[in-house]
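Peer 1: Build me a model from this:
(one chain, ligands or ions: 2)
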Amino acid sequence: MKRIKMLLVAMLCVVMVFGAASVPVSAEVIEVEKPAEPKRITITDIGFDKPAYHTNEDITFHVKIDGLSNKDIDNIGYLIGRLERKTCKLYYNKEKDMFVGKMTAEKKECKRTITSISIYSKNNENINSLYNFQNYYTTILVVNNNCADGNHTIYKDNWTGSSTNFPCTESWIETINCNICNQVIYSRIIPALGHEVSDWVIKKRATFSQNGLEEKICNRCGDILQSRTIPKLTPTSKLKFKKKSITIKKGKSIKLKYTRKPTNAQDTLSWKSSKPKVVKILKNGKIKGLKKGKSVITLKTNTGKKAKITIKVK
Ligand SMILES: [Zn+2]
Ligand SMILES: [Zn+2]
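Peer 2: Ligands and ions are numbered 1, 2, ... in the order given. Model prediction:
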């Protein structure tokens, strides 16, 4: 029975495989090249030969692209850089390894932003789809007769910092830039500030069984500057009253004497009277007899050591 079942399954498989692979005789299969993934390229430099131009002056515009092979460069006819409504054609310059183009500054003073770079083949075909720009790029063309003569305009004390993520240990640069062409006019180095050291901060408290840890950190950047161990706490090893029992008069109070070793023990003590109506616990080991009777006073550490004394009140 099992064999027959297996045979049937096998036959079904054969039918399925051949059925799927067969193509009607009249159909035709067209095989084409799989389109290549767009190539990743990066604009590493984009700009002009001067920070600002006179009206009607000649301008050289350049674009440097990383990620292009020699074959790509052979295929590229030119780039079109678009400055808002104005365009500029750029051709590959082998010596500079850049695309370079010439244009003329506008007739009036203005600022223009580059809004796009397009790539064209030698047949004037837009081949942007073959490439994938990995970065956002922007540059501004400044036509300003004043800046072009080297007479820039700045805002007073308008220092802006490039800043650093590590102001404690790294210096950084601040600049004042021309507010028309953005050229750096003044620059200064702000030295590293140095760490701002905190007091000791406990990271882990010491217990009777484990060491603790404390640190000095920088209040500005949070770096750990110093750390040290806090030794384990010292427990009481011996706790004993000087006497086993004491008799006092009703209404009197006395201080109970006891020995505790070592003297630097850090555990806490607690007092208890078995009959608080007979003997009352006051502060700092003092007791008071309230009425005739007997009470057992227990002195205890939080680490488990105990001592007892009997108080008779008459
Ligand atoms: Zn300027
Ligand atoms: Zn710091």
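
Peer 1: what are the phi and psi angles of the residue in the stretch 1-150 of the chain that ligand 1 sits nearest to?
Peer 2: Of all residues in the stretch 1-150 of the chain, C147 sits closest to ligand 1, at 3.2 Å by C-beta to the ion. C-betas here are computed from N, CA, C, even on glycine. The phi and psi values for C147, taken as degrees, to the nearest 10, are phi -60, psi -40.

Peer 1: Report whether the expected contact of it with P51 is present.
Peer 2: Yes - contact between C147 and P51 holds when scored by C-beta atoms under 8 Å: they sit 6.8 Å apart.

Peer 1: Just want to know which of these two has more residues nearby.
Peer 2: Comparing C147 with P51 by other C-beta atoms under 10 Å, the one with more neighbours is C147, at 22 against 19.

Peer 1: Contact partners for that one?
Peer 2: C147 is in contact with P51, A52, T153, C178, I180, C181, Q183, counting by C-beta atoms under 8 Å, 6 or more residues apart in numbering.

Peer 1: among the residues you listed, which are in strands?
Peer 2: Using DSSP state E, no member of the contacts of C147 falls within strands.

Peer 1: Among those residues, which one has the most neighbours?
Peer 2: A52 (26 neighbours).

Peer 1: Mind pulling the model confidence for the residue nearest the centre of the chain?
Peer 2: Taking C-alpha atoms, centre = their mean, the centroid of the chain lies closest to N165, which sits 9.8 Å from it. Predicted confidence (pLDDT) at N165: the value is 87.

Peer 1: likewise T247?
Peer 2: pLDDT, T247: 94.

Peer 1: Also V17?
Peer 2: On the pLDDT scale, V17 gets 49.

Peer 1: any idea whether the residue nearest to the centre of the chain is helix, strand or coil?
Peer 2: coil (DSSP: H, G, I helix; E, B strand; the rest coil).

Peer 1: and what of D72?
Peer 2: D72 is classified as helix under three-state DSSP.

Peer 1: who's in contact with it?
Peer 2: Counted by C-beta under 8 Å, 6+ apart, D72 has contacts K39.

Peer 1: do you know how far it is from I119?
Peer 2: Distance, D72 to I119, by C-beta to C-beta, to the nearest Å: 9 Å.

Peer 1: cool, and M103?
Peer 2: 18 Å.

Peer 1: okay, now I43: neighbour count?
Peer 2: Neighbours around I43, by other C-beta under 10 Å: 20.

Peer 1: Which residue, neighbours along the chain excluded, lies closest to it?
Peer 2: Y137 (4.3 Å; C-beta to C-beta, 6 or more residues apart in numbering).

Peer 1: Rounded mean pLDDT for stretch 46-66, please.
Peer 2: On average, stretch 46-66 scores 94.

Peer 1: Off-centre distance for stretch 251-271?
Peer 2: Mean-position distance between stretch 251-271 and its chain equals 53 Å (C-alpha atoms, centre = their mean, to the nearest Å).

Peer 1: Can I get it in CSV, CA atoms only?
Peer 2: Extracted as CSV, the C-alpha positions of stretch 251-271 are listed here (Å, rounded to 0.1, in the frame of the first residue of the first chain):
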residue,chain,number,x,y,z
GLY,A,251,12.3,57.1,88.5
LYS,A,252,16.0,57.0,88.1
SER,A,253,17.9,56.8,84.7
ILE,A,254,21.3,55.5,84.0
LYS,A,255,23.6,55.0,81.0
LEU,A,256,24.3,51.3,80.2
LYS,A,257,28.0,50.5,79.6
TYR,A,258,28.9,48.0,76.9
THR,A,259,32.0,47.1,74.9
ARG,A,260,31.9,46.9,71.1
LYS,A,261,34.8,45.7,69.0
PRO,A,262,36.4,46.8,66.7
THR,A,263,36.0,50.4,67.7
ASN,A,264,35.6,51.5,64.0
ALA,A,265,32.6,49.1,63.4
GLN,A,266,30.2,50.6,60.9
ASP,A,267,27.0,48.7,61.5
THR,A,268,24.1,50.3,63.3
LEU,A,269,22.9,49.6,66.8
SER,A,270,19.3,49.3,68.1
TRP,A,271,17.9,49.1,71.6
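
Peer 1: could you pull out the strands for the stretch 101-250 of the chain?
Peer 2: Ranges of strands within the stretch 101-250 of the chain are 110-121, 131-133, 140-143, 160-161, 172-177, 184-190, 201-204, 212-217, 224-230, 238-241, 245-248, based on DSSP state E, counting those that start in this stretch.

Peer 1: Out of those strands, flag the one nearest T263.
Peer 2: Set against T263 and scored by C-beta to C-beta, the strands of the stretch 101-250 of the chain come closest in strand 238-241, at 10.7 Å.
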